[in-house]
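# What shape does this take:
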Amino acid sequence: MSGVTVIGGGAWGTALATVAHRAAKGQHPVRLWARNPDVIVGIRVTGVNEAYLPSIRIDPMVEATTKLADALAGTGAVLLVVPAQAVRETAEALAAHLPAGIPVALCAKGIERGSMKMMTEVAAECLPEAPLAVLSGPTFAAEVARGQPTAVTLAGNDKAALATLRDILGTSTFRPYLSDDPIGAEVGGAVKNVIAIAAGIVRGKKLGENAGAALLTRGLAEMTRLAVAMGGRAETLSGLAGLGDLALTTGSLQSRNTSFGNALGEGKSIDEILGQRRAVTEGFWSAEAVLALAASKSVEMPITAAVAAILKGDQGIDEAVEGLLSRPYKEE
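Numbering: from 1, shown residues only. Here you go, the predicted model:
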């Protein structure tokens, strides 16, 4: 291994750079690229990403840069950790510098607006000669960066690429489980962000623990239906990239999506909430695309539809909740 490059200087990219550095044990370089020069200067001067992960010190051996060519020079693997709606633009930029055959792990959870394409589809168009994998699962960036025990799914169809990515990330406290179902892993990651907004609304409206449990369970059913309709496997959604990620995200206000929904449920406006945030709330940007993708596959997703309607302004929260509660009774 000649090196590892992390593309994206947000909280998750910074956390994964610390994981890759631990796994490397000084045997190969780890580079962190960010578009924002203030982030890179801050890391170089203070050893901390104050904007996105202020509680974590970054080892000075992690090379921070804004120069894409330098970040990719001689790399043996890439972790693409930019927001889902920026994956296409960033992958197109990578194409000019990335040699054929270098594995790329896609770490964003979302669906591209407009095209309704998964991140693997977007990346395959921009990087046709790169073996692709999906990194997903129950992860809060700060816990990962601190070295607290974490398990993730690493999914793809190229066994050699999966093995390479596992080796550059795997430690005693960061455990990648390999899967050959990238579709299931991607759908789980994208849809759970939308369900998490609904879970936050349940919290903010104080609808109770019963409602929260019901929402998680029926949200998992929606995720599974869509994954299977797209060619994924139902059992993948019972694992880390499905139920595991959904349980973590919906169960804590550490989640950007759940805290966003919670603020909505408490009566705050979308503009007010987003205006106070640096980090991207992926579910906000993906909800409409998830719903459109489901419609194209004739998959019914009532919770997703309610969230999309609220975010678009087509329904108020009380009206959306009433609509869900007045649906016809069905078999489970």
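
# Return the backbone torsion pair for the residue nearest to the spatial centre of the chain.
Central residue of the chain (Cα atoms, centre = their mean): residue 109, 3.0 Å from the mean position. When read as degrees, to the nearest 10, the backbone of residue 109 gives phi -110, psi 100.

# Surely it and residue 185 touch.
No: applying Cβ atoms under 8 Å as the test, residue 109 and residue 185 come out as separate, 9.5 Å apart. C-beta here means a position set from N, CA and C on the backbone, and glycine is covered the same way.

# list the residues that contact both of the two?
Shared contacts of residue 109 and residue 185, defined by Cβ atoms under 8 Å, 6 or more residues apart in numbering, are found at residue 136.

# Would you map out the domains in the protein?
4-180, 183-325 (automatic domain parsing).

# Point out where the stretch 1-150 of the chain drops to low pLDDT.
1 (pLDDT under 70).

# okay, how far is it across stretch 30-37, tip to tip?
18 Å (Cα to Cα, to the nearest Å).

# err, stretch 151-169, not the other one
11 Å.

# likewise stretch 98-105?
This stretch, stretch 98-105, spans 13 Å end to end (Cα to Cα).

# Next: stretch 154-173.
Using Cα to Cα, the two ends of stretch 154-173 sit 15 Å apart.

# Please work out which residues outside that stretch touch it.
1, 4, 16, 19-20, 22-24, 76-77, 103, 105, 131-136, 147-150, 176-182, 184-186, 236, 241.

# related to what we said a few turns ago, once you drop chain neighbours, what's closest to the residue nearest to the centre of the chain?
Closest residue to residue 109 apart from its sequence neighbours, by Cβ to Cβ, 6 or more residues apart in numbering: residue 189 at 3.4 Å.

# sorry, back to before: among the contacts of stretch 154-173, which are located in strands?
4, 77, 105, 132-136, 150, 176-179 (DSSP state E).

# Out of those residues, flag the one nearest to residue 200.
Within those, proximity to residue 200 (Cβ to Cβ) peaks at residue 136, which comes in at 20.1 Å.

# The closest one and residue 185 touch, don't they?
Yes: with contact defined as Cβ under 8 Å, residue 136 reaches residue 185; the gap is 4.7 Å.
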